[in-house]
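Enquirer: here is a sequence together with a model predicted from it:
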Amino acid sequence: DAKTTQPPSMDCAEGRAANLPCNHSTISGNEYVYWYRQIHSQGPQYIIHGLKNNETNEMASLIITEDRKSSTLILPHATLRDTAVYYCIVRAPTSGTYKYIFGTGTRLKVLA
Amino acid sequence: NAGVTQTPKFQVLKTGQSMTLQCAQDMNHEYMSWYRQDPGMGLRLIHYSVGAGITDQGEVPNGYNVSRSTTEDFPLRLLSAAPSQTSVYFCASSPARIIGGNTIYFGEGSWLTVV
């Protein structure tokens, strides 16, 4: 199964862009990259996903390298409410079915 | 549309007791799963299911049983609770189709303490 590697923690100044990296060097050609975040002990919240092309929505942008071995989640103007744990996951095919494996994520702290 | 509903939200068990965490979704999703999250840790997959009658083990299945008799429900059973199973449990669901990618919907969590 493709695994992801993320830095355990990052700080970002309020109003600045937060760039969260993720390494997924063993990703397969048909696997999507997903980003979720978890605020306090709530259920994780979907942010964005992509396959090959860069993606943007109202919450964030996702930049995937051409070889797809890494990606970066960009929060363009971080606010204090963006303080959370961010998870990068790949949808892992196994035996014809699919399961989502979460790692330990990156704890982002947005500083006032 | 209630999404993913978990019950109970809080539970205290004594060592050796058994209990069932309930999970229901009303989105007709084929895929359902259970995760546990220990303090300061990420989510670890316990069991998952891609449809009624089909279940499979995740990363940490020991001590837990699941069944999927309907599309809507995916209960998680603790057979003989141990203090190591003190955790927050999240149920999740998703369409199983992968064309275009699909997102996961999470429940609000069930806080379980085993004493």
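Expert: Happy to help now that I have it.
Enquirer: for residue B:13, grab the count of nearby residues.
Expert: Applying other C-beta atoms under 10 Å in any protein chain shown, we find 19 other residues in the vicinity of residue B:13. To be clear about C-beta, it is placed using only N, CA and C from the backbone, and glycine gets the same treatment.
Enquirer: could you check the pLDDT of it?
Expert: pLDDT, the model's per-residue confidence, is 97 for residue B:13.
Enquirer: would you tell me which strand is longest in chain A?
Expert: Of all the segments assigned as strand in chain A under DSSP state E, the longest by residue count is strand A:84-94.
Enquirer: give me the beta-bridge partners of the residue nearest the centre of chain B?
Expert: The central residue of chain B, meaning the one whose C-alpha is nearest the mean C-alpha position (C-alpha atoms, centre = their mean), is residue B:34 at 2.6 Å. Beta-bridge pairing for residue B:34 (DSSP bridges): residue B:47, residue B:91.
Enquirer: immediately after the worst-scoring helix or strand of chain A on mean pLDDT, which helix or strand?
Expert: For chain A, using mean pLDDT, DSSP states H and E, the weakest element among its helices and strands is strand A:97-100, scoring a mean of 68. Next helix or strand after strand A:97-100 toward the C-terminus (DSSP states H and E): strand A:106-111.
Enquirer: what does the model give residue B:34 for pLDDT?
Expert: Per-residue confidence at residue B:34 stands at 96 (pLDDT).
Enquirer: swap in the one 3 residues further on?
Expert: Listed pLDDT for residue B:37 reads 93.
Enquirer: from residue A:14, how far out is it?
Expert: Shown here: residue B:37 relative to residue A:14, a distance of 27 Å by C-beta to C-beta, to the nearest Å.
Enquirer: and the residue in chain B that chain A sits nearest to, what are its phi and psi?
Expert: Nearest residue of chain B to chain A: residue B:106, at 3.2 Å (C-beta to the nearest C-beta). Summarising the backbone geometry of residue B:106 under the convention degrees, to the nearest 10, its torsions are phi -110, psi 150.
Enquirer: can you count the residues close to the residue nearest to it when sequence neighbours are not counted?
Expert: In this structure, residue B:106 finds its nearest non-sequential neighbour in residue A:43, 3.2 Å apart by C-beta to C-beta, 6 or more residues apart in numbering or on different chains. As a burial measure, the neighbour count of residue A:43 was computed by other C-beta under 10 Å and equals 23.
Enquirer: cool, and residue B:61?
Expert: 16.
Enquirer: same question, residue B:104
Expert: Other residues close to residue B:104 by other C-beta under 10 Å number 25.
Enquirer: for residue B:94, see how far away it is.
Expert: From residue B:104 over to residue B:94 (counting by C-beta to C-beta), the distance is 5 Å.
Enquirer: strands of chain B, start to end?
Expert: Listed in chain order, the strands of chain B (DSSP E) span residues B:4-7, B:10-13, B:19-25, B:31-37, B:43-51, B:54-57, B:64-66, B:76-78, B:87-94, B:105-106, B:110-114.
Enquirer: right, and the ones you listed - which one's nearest residue A:47?
Expert: Closest to residue A:47 of these is strand B:105-106 (C-beta to C-beta; 12.9 Å).
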